[in-house]
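**Student:** sequence-free structure coming up:
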């Protein structure tokens, strides 16, 4: 290991928020809403995982009704994923977003086009190691095919360099965190990762316009 390559990092369990004087009299006064470029406004900044055990029709509808965003998983055929998007769209008003995941190889462009035509306004380019040449090529191909009308979410990454690169390659939002999920084994199996809080702190220093999504579970 090169000298100087180690540093102290922070996990969520390492920190607390300092209590401060508040003039807020009711939780109803607080807004957690956030804007999502090229998609609908979110009332709560929560996104469900694009896992086959997490987000299909029921979850994507529940997330939209709650003011968040569901990302329909990609572990199915194009037709099956389109049917989930279409069913969700029929159950929801037009002023909410529906997200769907795609990969970076094979028929991913065809899948993206089909999902967009079916009503998905957020496409999540979903791979474990997002700082990769295939991600670069995929984002460029998707922009060439779909233009700027769709929100492209990409990830996952763990460093500021990776965040900036994905933003430069065309991502509107970037999932930050590698190996932080409760059942994720990336750090154990590969020996790679950065505590998610540290990744968020590092990537928040970016001067790009891409949204930062802290990924890796919620509690």
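**Tutor:** Thanks, I have it. The structure displayed is predicted, hence computed values, not measured ones.

**Student:** for the longest strand along the chain, name the packing helices and strands.
**Tutor:** Secondary structure of the chain per DSSP state E: the longest strand is strand 151-157. Helices and strands touching strand 151-157, by 3 or more CB pairs under 8 Å, 6 or more residues apart in numbering; DSSP states H and E, are strand 122-126, helix 133-146, helix 160-169, strand 173-176. Quick note: C-beta positions are derived from backbone N, CA and C, even for glycine.

**Student:** what angle sits between that strand and helix 133-146?
**Tutor:** Interaxial angle of strand 151-157 relative to helix 133-146 (axes from the mean of the first three to the mean of the last three CA atoms, to 10 degrees): 180 degrees.

**Student:** ok, and what's touching strand 151-157?
**Tutor:** Outside strand 151-157, the residues that touch it by CB atoms under 8 Å, 6 or more residues apart in numbering are 36-39, 71, 97, 99, 121-131, 135, 139, 142-143, 163, 166, 169-178, 199, 203, 213, 215.

**Student:** returning to what we had before: would you reformat the helices and strands packed on strand 151-157 as TSV and include mean neighbour count and mean pLDDT?
**Tutor:** Output for the helices and strands packed on strand 151-157, formatted as TSV (neighbours: other CB atoms under 10 Å; pLDDT from 0 to 100):
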stretch	mean neighbour count	mean pLDDT
strand 122-126	25	98
helix 133-146	16	98
helix 160-169	20	98
strand 173-176	27	98
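
**Student:** for residue 25, find the nearest of the ones you listed.
**Tutor:** Taking CB to CB, strand 173-176 is the member of the helices and strands packed on strand 151-157 nearest to residue 25, at 33.4 Å.

**Student:** excluding its backbone neighbours, what's nearest the residue nearest the centre of the chain?
**Tutor:** Centroid-nearest residue in the chain: residue 175, 4.4 Å away (criterion: CA atoms, centre = their mean). Take residue 175 and drop its neighbours on the chain: the residue closest to it by CB to CB, 6 or more residues apart in numbering is residue 155, 2.8 Å away.

**Student:** ok, what's across the strand from that neighbour?
**Tutor:** When bridges are called by DSSP bridges, residue 155 pairs up with residue 126, residue 175.

**Student:** near it, how many other residues are there?
**Tutor:** Using other CB atoms under 10 Å, residue 155 has 26 neighbouring residues.

**Student:** please apply the same query to residue 80.
**Tutor:** By other CB under 10 Å, neighbour count at residue 80 equals 13.

**Student:** and stretch 97-112, what's buried?
**Tutor:** Residues of stretch 97-112 classed as buried by neighbour count (16 or more other CB atoms under 10 Å): 97, 98, 99, 100, 101, 102, 103, 104, 108, 111, 112.

**Student:** next one: it to chain centre, how far?
**Tutor:** With CA atoms, centre = their mean, to the nearest Å as the basis, stretch 97-112 stands 14 Å off its chain's centre.

**Student:** again with stretch 172-181
**Tutor:** For stretch 172-181, the distance to the chain centre is 7 Å (CA atoms, centre = their mean).

**Student:** what sits against the closest residue to residue 141 other than its chain neighbours?
**Tutor:** Nearest non-adjacent residue to residue 141, counting by CB to CB, 6+ apart: residue 109, 5.6 Å away. Residue 109 makes contact with 141, 142, 145, according to CB under 8 Å, 6+ apart.
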